[in-house]
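Asks: A structural model of the following input is requested.
(chains A and B)
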Amino acid sequence: MDRNSNDYRIIVIGAGHAGCEAGLVCARLGMKTAMFCTDIDSVAMMPCNPSIGGTGKGHLVRELDALGGEMGLNIDKTFIQSKMLNTSKGPAVHSLRAQADKEKYHQEMLKTIRAQENLDLIEDEVTELVLVENTEVSGSKAGRCIAGVRTASGKEYCCDEVVICTGTFLAGKIFIGDDVRISGPSGLRPATRLGENLRELGFPIRRFKTGTPARMHKDTLNYDVMTEQLGDEKIVPFSFMNEDKEYDIDQISCWLSYTNETTHKIILDNIEKSAMYSGNIVGVGPRYCPSIEDKVSRFKDRKRHQLFVEPEGLDTDLMYIQGMSSSLPEDVQHAFYATIPGLEHAEILSPAYAIEYDCVDPLSLKPSLESKLVDGLFCAGQFNGSSGYEEAASQGLIAGINAVCRLTGKEPLVLRRDQAYIGVLIDDLVTKGTNEPYRIMTSRAEYRLLLRQDNADRRLTAIGYEYGSVTEERYQRYLAKKARVDAEAARLRAKRVDIDAFRAFLTKHEVDKVLAACAGDPEKTAQLERKRNEIKETSNQCFADILKRPGIFYDDLADIDDETRPSLTENEKTEVEVMLKYDGYIRKQVSEVEKLRSLEDKKLSESLDYNSIGGLRLEARQKLSNIRPRTVGQASRISGVSPADINVLLVYLEKEMRYDHKI
Amino acid sequence: MAYTIAAISTAPGEGGIGIVRVSGPESKSLMKRLMLCCPENIEPRHAYFGKVVRDSSDACAEVIDEAVFLFMKGPASYTGEDMLEIQGHGSNVSLRQILSAVLSSGLSDVRMADPGEFTKLAFLNGKMDLSQAEAVIDIIKAKTDISLGIAEDQRAGRLSQTIREIRGTLLDVLAQMAVDIDYPDEDYELDDAAAYTELIDQIRWVKTGVDDLLATVSIGRIAREGVRAVIAGKPNAGKSSLMNAILGEGRVIVTDVPGTTRDTVEESASLGGVPIVLVDTAGLRESDDIVEKIGIERTEQAIAGADLIILVLDGSRELDEEDNQVLSFVEKMNSNNILVVINKEDLGQTVTEATVLERLPGVRIISTSLVGRDAVEAARKISDAVGEMFDLGGINVRETNIVTNERHVHLLRKASADLEESAAMLQNGEPIEVAELSAHYAYEALGAIIGEEVGEEILNTVFSKFCLGK
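Replies: You can find the predicted model right below:
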């Protein structure tokens, strides 16, 4: 292909949540970039639930934001309800979730993309990758690399790299009962030819499935019989850049209702009509997001299942019925939805459906998200077997940054599992693979106490700055915040008050405050009396240690603080509090991380011939040859590679190292 | 490597000598701590002979053994790190005590070595020649195969079955906690005190299972090494007569170990089908004041380390000052482990069973006479009593849930402590995601006993037990 005015350095296929992050970051890092989509309406579209964040996912958005991503900023502009989840638990698992105005979310992102220098948005379907034999001898193996793409309109575009973010559009197929249609999500046009092209090029492509519930007309629901779910009074934004902003918006409500045994009977009576049960769907669905027919048939002893009714925006009639996805025929859907309190007379504007799509086996990717099969081809989002807007956006940003790194000759950005949920997400995908659409969960992170949403900027902003995805303005603000937080933590570690004031403070918080709650209970009252006496004997502590006591918070210390306290934002106070309160646990986790760090530091060459290493078991040889881990640490997480195999690898490395030294 | 590892390096079983081996940065500090009167400047590769104690800075520390201490400065050692070898007497008891002294030294990051770990360190630290590399891999493989073999044996046995059951219950607890943390919107949230109390109870219940296994540790030792029995009592109460009577009755006298390193006499016998190591503290107090003082301490220590105390009283005289002193040691012990013999019945009884029970409620008492023909009858009574007190009921160590392996004991203790921590955290109102971590560590420790890694099973349980999702 001759180079012409159509040339781009990087082409991003798809403009969903992964595509937007990838396109924006490539352009921001100075690369001439094009984003392709089959339909402008698909830009940052939310084809399923109308919310961003939640447990684990909220952490991802904060991390994305700390690295200079767009999702946090965009949801802060367009949310219509905000809620901090898990506040009854510890700060490590507090998770922010916001209901989005879907249309506004799309429009705002579109605006940002159109305003972005170096970035073109092109409405055309990419049908083919153009590859050339790699003439450069990079490493030892000669392979193929990206030269450009061809589109449905017959055009050819040259480029150095491609980022694939096709989401559920790739060979999308929608199922409603026995009604099967070739379609992308929300009835948009799917990408039909690229999947075939990828199969021909030898990519390990498979079929995954997901589903979405019906949308109903908001004026046809009876809200009196459902339970109202309000947003939080105090609104916390997602983005670090909005930390000091006051939000004063009228939040909308969501509504809670339940299925009943009549609902379940209708579903079970018609179960064979479901596309999932008729055998029409070959794709694998996610266990954490089962359809209502799945729930009813698998959990027969449950008399009811809950569902949430959520508005899709301010200027729309659509209400999303969370918890009730299905692939039953429309008439059956009508019948069972109508049994639910509040939905008796609901008008269904669009029925629930299941969607099947092509995606790649992520074991064929490097930790940088570059394909192992074609140089210069990066992959992100649902195409990699994940599910969820936040998971997609996270991968999009990392794939974009690494596409740029490859062009500039910089080491790729690979976040470790102890650095970010994003690191956990990508490491799980490319090391363990997945047999169902992958969703992040806090229980997947072994260093949960370190990966909090309150310290996402501390963990990642300096890294983003180094890679250029974080602006100077954000970096300076981050440094200033970090300095304030560290100074206050240091002050509290040194600060003491006189013993009488301290004892009075403890008596107030640990005895007087709880006294009312146990009036009349002689056992508890006696306990408190003992506590009162204990406090009389207590010796003095620094403020940091006082904060470690359960039930004592940063703001409480103001009572006994005789110095001028620095003025900190809520987020900064939280960070100081968590840093000191959980100091012991955090240290424990840090020492766990350090124990395993030596394995993470031991690099494995990409061209290592595992068949030549004596002592490796056959299964380990095959797995290691296939996955090609970057470090011994990554190798140790591959299922089928035993600790004995790792020992063999370590010995081999030692041998190699000595050999190198001798030469 | 930042941590220090330790293990018994000689084959299990009776041997002339046995070696506890230590590798890592704390090796030298451990030598100073464990060797009584250790010289300030330890010369590497020199054999130092001395007494082994738990803590040399403790003036009254009990002597565990006498041993040769050998310190090797890295990299001139097998592993390439600082190393310490403690070469003691080859008895299981003393080697385990030395190892336990090392592990519980309080120095940071000292832990049990994994199978083959010394060898692994040696390779990693470049102690092996290039030409040996292939052989090295084979050795590692062999080691691992052995450990695999051990794991296989356990898999077939009842211990792994029990651990699997305990882990199964713990898995449910972990899944419940994971759902609570990851799905706050679903119906499963632990949102009231009752739900938390139930969760705490479940964790404690799991801990009871672990503790029950730990409780078998002493049974396991008894089955293999015998009941450690101490004969206590003031001079002339009849201790030596008792010892002779028992030894005369003893059906199997396995060995005869004169107390060369301790001022006590040990004899092996079998009483009522129970293997016994008899420790006679006779003669300890028949000397001048200073020695007597040491004698009292030794008696006290011997009593503290005993599985069975046979307290001999002279029944013909009122209890005196000396009796009271012995009684005050014995009182501290569990009454199930005490057998009181009121001697000299033939001379008329002044000390009654009631008097003894007043001081030692619930103890088993035999009134007898240890002279002449009566001694045979006395020995039989004692034998029967011991047989009942330590009813091993023909326990077959190989088929019963008896924990004998030091590594298992270590992991079970860790699991028990982690579970306790988890429950206590929930009780004190600390966050569930912190308490969950401790429970998770316990799950890993239990898994390590049966050679199972933690994989996806928690998430699998979450999805199979709880109905979740949109």
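
Asks: doesn't B:Ala435 make contact with A:Tyr585?
Replies: No - if you go by CB atoms under 8 Å, A:Tyr585 and B:Ala435 don't touch, sitting 10.2 Å apart. From N, CA and C alone the C-beta is placed, and that goes for glycine too.

Asks: Who has more neighbours out of the two?
Replies: The neighbour comparison of A:Tyr585 against B:Ala435 (other CB atoms under 10 Å in any protein chain shown) goes to B:Ala435, with 24 against 21.

Asks: so that one is in which element?
Replies: Secondary-structure assignment from DSSP states H and E places B:Ala435 in helix B:432-449.

Asks: on contacts alone, who are the packing partners of that helix?
Replies: Applying 3 or more CB pairs under 8 Å, 6 or more residues apart in numbering or on different chains; DSSP states H and E, we find helix B:432-449 packed against helix A:583-601, helix B:158-182, helix B:193-225, helix B:406-427.

Asks: In terms of secondary structure, what does the second one contact?
Replies: I take that to be helix B:158-182. Using 3+ CB pairs under 8 Å, 6+ apart, helix B:158-182 sits against helix B:193-225, helix B:432-449, helix B:457-465.

Asks: For the closest residue to chain B within chain A, which residues are in contact?
Replies: Relative to chain B, the nearest point of chain A is A:Gly90 (2.5 Å; CB to the nearest CB). Contacts for A:Gly90 (CB atoms under 8 Å, 6 or more residues apart in numbering or on different chains) come out as A:Tyr582, B:Glu430, B:Pro431, B:Ile432, B:Glu433, B:Val434.

Asks: cool, and A:Tyr353?
Replies: A:Tyr353 neighbours (CB under 8 Å, 6+ apart): A:Ile174, A:Phe175, A:Ile176, A:Gly211, A:Thr212, A:Ser327.

Asks: Check A:Ile52 too.
Replies: By CB under 8 Å, 6+ apart, the neighbours of A:Ile52 are A:Val61, A:Met71, A:Ile75, A:Phe79, A:Arg97, A:Ala98, A:Ala100, A:Phe238, A:Tyr389, A:Glu390.

Asks: from those residues, which ones fall inside strands?
Replies: A:Phe79, A:Arg97, A:Ala98, A:Ala100 (DSSP state E).

Asks: that older thread, redo the helices and strands packed on helix B:432-449 as JSON lines? Include mean pLDDT and distance to A:Leu256.
Replies: Rendered in JSON lines, the data for those read as follows (pLDDT from 0 to 100; distance: least, CB to CB, whole Å):
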{"stretch": "helix A:583-601", "mean pLDDT": "83", "distance to A:Leu256": "34"}
{"stretch": "helix B:158-182", "mean pLDDT": "87", "distance to A:Leu256": "18"}
{"stretch": "helix B:193-225", "mean pLDDT": "83", "distance to A:Leu256": "20"}
{"stretch": "helix B:406-427", "mean pLDDT": "89", "distance to A:Leu256": "28"}
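
Asks: Tell me which of the ones you listed sits nearest to B:Tyr443.
Replies: helix B:158-182 (5.3 Å; CB to CB).

Asks: tell me the angle of the closest one relative to helix B:406-427?
Replies: 30 degrees (axes from the mean of the first three to the mean of the last three CA atoms, to 10 degrees).

Asks: so how far is helix B:158-182 from its chain's centroid?
Replies: Mean-position distance between helix B:158-182 and its chain equals 27 Å (CA atoms, centre = their mean, to the nearest Å).

Asks: Please point out which parts of that helix sit buried.
Replies: B:159-160, B:162-163, B:166-167, B:170-171, B:173-182 (16 or more other CB atoms under 10 Å in any protein chain shown).

Asks: and the residue of the stretch 201-350 of chain B nearest chain A?
Replies: B:Ile203 (16.8 Å).

Asks: give me the number of residues near that residue?
Replies: Count around B:Ile203 with other CB under 10 Å applied: 29.

Asks: Quick one: residues contacting the residue nearest to A:Leu450 when sequence neighbours are not counted.
Replies: When the adjacent residues along the chain are set aside, A:Leu450 lies closest to A:Gln589, with 5.3 Å between them (CB to CB, 6 or more residues apart in numbering or on different chains). A:Gln589 makes contact with A:Asp418, A:Tyr447, A:Leu449, A:Leu450, B:Leu437 under the criterion CB under 8 Å, 6+ apart.

Asks: Am I right that the fourth one sits in a helix?
Replies: Meaning A:Leu450. No - under DSSP: H, G, I helix; E, B strand; the rest coil, A:Leu450 sits outside any helix and is assigned coil.

Asks: Thought A:Tyr585 was touching it, still the case?
Replies: No - with contact taken as CB under 8 Å, A:Leu450 and A:Tyr585 are classed as non-touching, separated by 9.5 Å.

Asks: Quick check: residues of the stretch 501-650 of chain A near chain B?
Replies: A:550-551, A:582, A:585, A:589, A:594-595, A:598, A:614-615, A:639, A:642-644, A:647-648, A:650 (CB under 8 Å from any CB of the partner chain).

Asks: Helices of the stretch 151-300 of chain A, residue ranges please.
Replies: All helices of the stretch 151-300 of chain A, identified by DSSP state H, counting those that start in this stretch, fall at A:194-200, A:261-269, A:275-278, A:292-298.

Asks: okay if I get these as TSV plus distance to chain B, mean neighbour count and mean pLDDT?
Replies: Shown next, in TSV, are those (distance: least, CB to the nearest CB, whole Å; neighbours: other CB atoms under 10 Å in any protein chain shown; pLDDT from 0 to 100):
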stretch	distance to chain B	mean neighbour count	mean pLDDT
helix A:194-200	26	18	93
helix A:261-269	12	17	95
helix A:275-278	14	20	79
helix A:292-298	5	22	89
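
Asks: With distance to A:Arg458 as extra columns, can I get those in JSON lines?
Replies: Converted to JSON lines, those look like this (distance: least, CB to CB, whole Å):
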{"stretch": "helix A:194-200", "distance to A:Arg458": "40"}
{"stretch": "helix A:261-269", "distance to A:Arg458": "47"}
{"stretch": "helix A:275-278", "distance to A:Arg458": "44"}
{"stretch": "helix A:292-298", "distance to A:Arg458": "40"}
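
Asks: picking up where we left off before, nearest residue to the residue of the stretch 201-350 of chain B closest to chain A in space, please, no chain neighbours.
Replies: Using CB to CB, 6+ apart, the closest residue to B:Ile203 is B:Ala423 (4.4 Å).

Asks: Just give me the neighbour total for that neighbour.
Replies: 22.

Asks: A:Val497 too?
Replies: 19.

Asks: who's in contact with it?
Replies: In this structure, A:Val497 makes contact with A:Phe505, A:Asn540, A:Ile560, A:Asp561, A:Asp562, judged by CB under 8 Å, 6+ apart.

Asks: Doesn't A:Cys359 lie inside a helix?
Replies: No - using three-state DSSP, the secondary structure at A:Cys359 is strand, not a helix.

Asks: is it true that it touches A:Ala171?
Replies: No - counting by CB under 8 Å, A:Cys359 sits too far from A:Ala171 to count as a contact (9.7 Å).

Asks: Look at these two and report which has more neighbours.
Replies: Taking neighbours as other CB under 10 Å, A:Cys359 and A:Ala171 compare with A:Cys359 leading, 28 against 23.

Asks: Mind checking what helix or strand follows the longest helix seen in chain A in sequence?
Replies: Ranked by number of residues, the top helix in chain A under DSSP state H is helix A:472-494. Using DSSP H and E, the helix or strand that follows helix A:472-494 towards the C-terminus is helix A:499-506.

Asks: who does the helix or strand following that following helix touch, helix- and strand-wise?
Replies: Going down the chain from helix A:499-506, the next helix or strand is helix A:513-515, by DSSP H and E. Applying 3+ CB pairs under 8 Å, 6+ apart, we find helix A:513-515 packed against helix A:522-537.
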